[in-house]
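1. here are the coordinates; sequence isn't available:
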Ligand SMILES: Nc1ncnc2c1ncn2[C@@H]1O[C@H](COP(=O)(O)OP(=O)(O)OP(=O)(O)O)[C@@H](O)[C@H]1O
Ligand SMILES: [Mg+2]
């Protein structure tokens, strides 16, 4: 038995520290006169939300979806498309565009969940490598669809010149406000996710990951539960997409690209699969490395930063090998296995 | 067992069940009847098709032809989970538990499977006494009470076999399909399992696949002998022991009977 105090206390202390750091970031960035950090922080929170949603199905349900970025992209496109219609006064199926967040963000979630329904229903007829390939294929299909959608910018995507508005609510055009709204949503998602994975539903999900055949023999219609989780994760990813569009003031097909799905998997694995909080650390680690490895390399020699991916790969590999259960595993001390 | 004439309708009946693997008839026109409340043993040499038959009964394997009636209904077309929800539970010849769950949670998951739907997203399942209390009771029944909090992956082989049975029991089944519950157990554990099955007998219908002839003849109300996919004989232990064809095909071959 590890010392009880450490294994119980340390995670709480680290969590509290992370939350305080996250809350303090806007003030620190303002004090340092570096608004860039605020934008980077918001990006991290957005990707953390997407990675947490993936962890629900990947870490708890054992569903290795290699197309999760598609749902992020769809959420982003809901924001972008409704923005575009609002901007030029045109209609979509007879409806005007809008930037009203009370409508747009729930719609982004709805779209993510609705897209996940047929994709999940078909993909979940398989498992293992075929499941990976089918989710990947669906995501690439949507990627090419968006590339070909000239009405919405095709390859070039849609540039937004304002963020979603919340009449009577927070003004997220302000960077710090947007950051806090994103942080709030992430914390709520983590809380709800925590309830979910510890609920009866969550147990079914974890049981299916452990031994699906046994679950069926016990009487569980396993696919129904897995599909529900897949749709929930899709909806949450859709929300992350809506936030991403607002963070970058842009949506484009690249949001759906398979490499983005790969990034999300890396975040989950790097941070600690099946831990919910781990993927938040993973998102932070990956985005910080992507940001600062090129810079550090440029310091060594100008222009060297172009080759940052060659350096990032081994760093990630070393991290994953060193921290078998991810960064969060270092905190909980669960790396003995 | 609350029907008007419980003894009339069998709990389980197969009608001319056939399952082929390529040219091999692993199940060859098997017609079997298990009465409600009885402990029915299914014996036969290695490769006789016992596990294949259990697979079809539980729904994992689709028969090529024939019908399966369970509790008065044709279940041939139903999936594994549907049959399980109607009260058909099985244990696996090769231990099949949830390795990352504790022993208690393994059983609680089995209890949960028959405690309404699981589209419940909020309450903490670990603190739900409606799951853990019955689970603890079943664990105690199979002799695993002291091991409740041990991860299933850390249990000894014999304990995993006990857990396997506990999970099947916890679903409150009408019919238990037990595929060699004593496989790989030491003599002491085997004896405990025999006692356990003897205690269960009568309260639940059991179809028991087992190689241990002492256990089979001690427990069974009726025995069916399967040889090369076909049901060679079916009858009381005494009748089976006396059956010349059975002696020749199976019981005589000492090496196989162990
Ligand atoms: N999936 C399969 N594909 C092909 N052949 C199979 C398959 N499953 C079983 N068999 C064959 O069918 C026959 C019956 O196998 P089965 O496992 O049902 O026997 P058993 O009576 O359970 O044997 P044991 O006592 O060793 O457990 C064997 O010859 C086996 O090789
Ligand atoms: Mg067998």
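-> That came through, no problem. Source: prediction; values computed, not measured. Residues are numbered from 1 along each chain as shown, chains lettered A, B, ... in the order given. Ligands and ions are numbered 1, 2, ... in the order given.
2. for the helix or strand of chain A with the lowest mean pLDDT, packing partners?
-> Of all the helices and strands that make up chain A, helix A:308-322 has the lowest average by mean pLDDT, DSSP states H and E, namely a mean of 85. Identification of packing neighbours for helix A:308-322 by 3 or more C-beta pairs under 8 Å, 6 or more residues apart in numbering or on different chains; DSSP states H and E yields helix A:258-271, helix A:278-300. Yep, even glycine has a C-beta here, placed from its N, CA and C like the rest.
3. So which of these is nearest residue B:38?
-> In terms of C-beta to C-beta, the element of the helices and strands packed on helix A:308-322 nearest to residue B:38 is helix A:258-271, at 51.4 Å.
4. Now do the closest one and helix A:278-300, the angle between them.
-> 110 degrees (axes from the mean of the first three to the mean of the last three C-alpha atoms, to 10 degrees).
5. Helix A:308-322 and helix A:258-271, what's the angle between them?
-> Orientation check (the same axes, to 10 degrees): helix A:258-271 against helix A:308-322 gives 40 degrees.
6. buried sites along helix A:258-271?
-> Of the residues in helix A:258-271, those buried by neighbour count under the rule 16 or more other C-beta atoms under 10 Å in any protein chain shown are A:258, A:260-261, A:263-271.
7. Now the residue nearest to the spatial centre of chain A: closest residue in space, sequence neighbours ignored.
-> Chain A has residue A:50 as the residue nearest its centroid, 1.2 Å off, counting by C-alpha atoms, centre = their mean. Closest residue to residue A:50 apart from its sequence neighbours, by C-beta to C-beta, 6 or more residues apart in numbering or on different chains: residue A:240 at 3.8 Å.
8. element containing the one you found?
-> When secondary structure is defined using DSSP states H and E, the element that contains residue A:240 is helix A:222-248.
9. Starting from the helix or strand following that helix, tell me which strands it pairs with and how they run.
-> With elements assigned by DSSP H and E, the helix or strand that comes after helix A:222-248 is strand A:250-251. According to DSSP bridges, the neighbouring strands of strand A:250-251, each with its direction, are strand A:158-159 (antiparallel).
10. Domain-wise, how is chain B divided?
-> The record assigns chain B these domain ranges, following automatic domain parsing: B:1-87+B:174-258, B:100-172.
11. just how off-centre is the longest one within its chain?
-> For domain B:1-87+B:174-258, the distance between its averaged C-alpha position and the chain's averaged C-alpha position is 8 Å (C-alpha atoms, centre = their mean, to the nearest Å).
12. same thing with stretch A:173-187?
-> Per C-alpha atoms, centre = their mean, the displacement of stretch A:173-187 from the mean C-alpha position of its chain is 15 Å.
13. Show me what counts as buried in that stretch.
-> Of the residues in stretch A:173-187, those with enough neighbours to count as buried (16+ other C-beta under 10 Å) are A:175-183, A:185-186.
14. of these, closest to ligand 2?
-> Closest approach between the buried residues of stretch A:173-187 and ligand 2, by C-beta to the ion: residue A:186, at 50.8 Å.
15. I figured that closest one hits residue A:52, correct?
-> Yes. Between residue A:186 and residue A:52 there is a contact at 7.3 Å, judged by C-beta atoms under 8 Å.
16. which residues do those two both contact?
-> Taking C-beta atoms under 8 Å, 6 or more residues apart in numbering or on different chains as the contact rule, the neighbours common to residue A:186 and residue A:52 are residue A:280.
17. hang on, the earlier thing: the residue nearest to the centre of chain A: which element?
-> For residue A:50, the enclosing helix or strand under DSSP H and E is helix A:35-58.
18. can you check residue A:10 too?
-> Using DSSP H and E, the element containing residue A:10 is helix A:4-32.
19. packing partners for the helix holding residue A:240?
-> Counting by 3+ C-beta pairs under 8 Å, 6+ apart, helix A:222-248 packs on helix A:35-58, helix A:69-88, helix A:101-123, helix A:175-198, helix A:200-218, strand A:250-251.
20. mind putting those in JSON lines, mean pLDDT included?
-> As requested, the helices and strands packed on helix A:222-248 are exported to JSON lines (pLDDT from 0 to 100):
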{"stretch": "helix A:35-58", "mean pLDDT": "97"}
{"stretch": "helix A:69-88", "mean pLDDT": "97"}
{"stretch": "helix A:101-123", "mean pLDDT": "98"}
{"stretch": "helix A:175-198", "mean pLDDT": "98"}
{"stretch": "helix A:200-218", "mean pLDDT": "97"}
{"stretch": "strand A:250-251", "mean pLDDT": "98"}
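21. Find the residue closest to whatever residue of the stretch 101-250 of chain A ends up closest to chain B in space, skipping its chain neighbours.
-> The stretch 101-250 of chain A approaches chain B most closely through residue A:219 (3.4 Å), counting by C-beta to the nearest C-beta. Closest residue to residue A:219 apart from its sequence neighbours, by C-beta to C-beta, 6+ apart: residue B:84 at 3.4 Å.
22. and the one you found, what helix or strand is that in?
-> Secondary structure from DSSP H and E places residue B:84 in helix B:80-85.
23. can whichever helix or strand comes after that helix be found next to ligand 2?
-> Downstream of helix B:80-85, the first helix or strand assigned by DSSP H and E is strand B:88-91. No. Residues of strand B:88-91 are not located near ligand 2 by C-beta under 5 Å from the ion, the shortest gap being 11.9 Å.
24. Can you pull out the residues in contact with the helix or strand just after strand B:88-91?
-> On the C-terminal side of strand B:88-91, the closest following helix or strand by DSSP H and E is helix B:103-113. Under the criterion C-beta under 8 Å, 6+ apart, residues A:200, A:203-204, A:207, A:215, A:218-220, B:84-85, B:97-98, B:101, B:118, B:125-126, B:131-132, B:134-136, B:138-139, B:144, B:147-152, B:155, B:159, B:163, B:166-168, B:170-171 lie in contact with helix B:103-113.
25. Narrow those to those that are buried.
-> By 16+ other C-beta under 10 Å, those give A:200, A:203-204, A:207, A:215, A:218-220, B:84-85, B:97-98, B:101, B:118, B:125, B:131-132, B:134-136, B:138-139, B:144, B:147-148, B:150-152, B:155, B:159, B:163, B:166-168, B:170-171 as buried.
26. Which residue ranges of the stretch 101-250 of chain B form strands?
-> B:175-179, B:205-209, B:222-227, B:230-235 (DSSP state E, counting those that start in this stretch).
27. Which one of those lies nearest to chain A?
-> From the strands of the stretch 101-250 of chain B, taking C-beta to the nearest C-beta, the stretch that ends up closest is strand B:175-179, at 9.5 Å.
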